[in-house]
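In: Test case, fold it:
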Amino acid sequence: MGSDENAAVVRRGYEAFSSGDMATLTELFAEDAVWHEEGHGGVSGVNKGRDAIFAHFGEEMSRSGATYKVTLQDVIGGDEHAIALHHDHAERDNKVLDQNVVVVFQVRDGRIREAWEIPDDQAGRGEFFS
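Out: So this is what the prediction gives:
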């Protein structure tokens, strides 16, 4: 797959995440995919396997009181990777999460194999989700 196709996979993933379309997310993530979230505390760490990744996404929703919203700003596709920039926003218990995040996706054969999520304020994100 080429850069345009890899970018399209990532865009579909964001659309599915935002609409809660688990069937599409299941189609897009490899069963043995790995998700890395940089930082300390909260929801940081490494999630191995599609089920663990989806549980991680659910934990973000749960800890935010279902206010967690991701707004995709841009995707740049490459032959093996796609890089997405999105904006996170959530509110709970007088706390606000409002930041930009970069996610580097490894895409092979039309499926997300690995992702590295890098927020611009790791400490703030960790505190919000703790």
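
In: helices or strands up against the longest helix seen in the chain?
Out: When secondary structure is assigned using DSSP state H, the longest helix within the chain turns out to be helix 3-19. Where contact means 3 or more Cβ pairs under 8 Å, 6 or more residues apart in numbering; DSSP states H and E, helix 3-19 is packed against helix 22-28, strand 69-77, strand 81-92, strand 95-108, strand 111-119. Every residue, glycine included, has its C-beta placed from N, CA and C.

In: and with 10 Å instead?
Out: Packed against helix 3-19, as judged by 3 or more Cβ pairs under 10 Å, 6 or more residues apart in numbering; DSSP states H and E, are the following elements: helix 22-28, strand 29-37, strand 69-77, strand 81-92, strand 95-108, strand 111-119.

In: Just the pLDDT for V43.
Out: Predicted confidence (pLDDT) at V43: the value is 87.

In: where does the chain have low pLDDT?
Out: Segments of the chain classed as low confidence (criterion: pLDDT under 70) are 1.

In: how close does the residue of it most remote from its centre get to P119?
Out: In the chain, the greatest distance from the average C-alpha position (Cα atoms, centre = their mean) is reached by N94, at 23.9 Å. Distance of N94 to P119, computed by Cβ to Cβ, to the nearest Å: 20 Å.

In: How about the nearest residue to G45 once chain neighbours are set aside: which residues does it bridge to?
Out: The shortest distance from G45 to any non-neighbouring residue, by Cβ to Cβ, 6 or more residues apart in numbering, is to E37 (6.2 Å). With DSSP bridges applied, the residues forming beta bridges to E37 are G45, E117.

In: can you pull up the bridge partners for the nearest residue to R50 once chain neighbours are set aside?
Out: Spatial nearest neighbour of R50, chain neighbours left out: F29 (4.6 Å); criterion: Cβ to Cβ, 6+ apart. Per DSSP bridges, the residues bridged to F29 are I112.
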